[in-house]
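Student: Test case, fold it:
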Amino acid sequence: MSQIRIEEQIGGAILHLKGQFIGGDETDQLKEHLKSFAENQHNSLIIDLESVTYLNSTALGVLISAHANFIKRNGKIILCNVSKSLENIFVITKLTLVFTIAETLDEAIKLLN
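Tutor: The predicted structure is shown next:
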């Protein structure tokens, strides 16, 4: 079971993801949250992947399209707490070149300021 917890912050938000994102309802929910952030003119978003066990290509696609949408509006998405197994996915797909990835949530918050 996947969950998404949103923490509103001044100037942005933190999305805490948990579980597997494998292209089902959980990925649709993620897409909706990201879309609503974009529509509400949030320019800064941190996505905390600490409790995520798996992202499939559909979920990666959702993150990539959100990233593109934010960049278009001079916004920024930072990923943090990426586990070794997820990091391998980002390295293999060369998404480490696309996303800003912080080791910790604190580091991600500093990068936004």
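Student: Any stretches of the chain with poor pLDDT?
Tutor: 1 (pLDDT under 70).
Student: Find the centremost residue of it, please.
Tutor: Centroid check for the chain by CA atoms, centre = their mean gives Ile47 as the closest residue, at 3.5 Å.
Student: Which of the three states applies to that residue?
Tutor: Taking DSSP: H, G, I helix; E, B strand; the rest coil as the rule, one finds Ile47 in the strand state.
Student: Repeat that for Ile109.
Tutor: Ile109 ends up helix, using three-state DSSP.
Student: hang on, the earlier thing: show me the contacts for the residue nearest to the centre of the chain.
Tutor: For Ile47, the contacting residues are Ile14, Leu15, Leu17, Leu63, Ile77, Ile78, Leu79, Cys80, by CB atoms under 8 Å, 6 or more residues apart in numbering. For glycine as for every other residue, the C-beta is placed from the backbone atoms N, C-alpha and C.
Student: That one and Leu55, how far apart?
Tutor: Ile47 sits 11 Å away from Leu55, going by CB to CB, to the nearest Å.
Student: where do the contact lists of these two overlap?
Tutor: Common contacts of Ile47 and Leu55, defined by CB under 8 Å, 6+ apart, comprise Leu63.
Student: what ranges do the strands span in this protein?
Tutor: Secondary structure of the chain by DSSP state E: the strands cover 3-9, 12-21, 44-55, 76-80, 100-102.
Student: Could you single out the most deeply buried of those?
Tutor: With neighbours taken as mean count of other CB atoms under 10 Å, the strands of the chain reach their highest mean count in strand 76-80, at a mean of 22.
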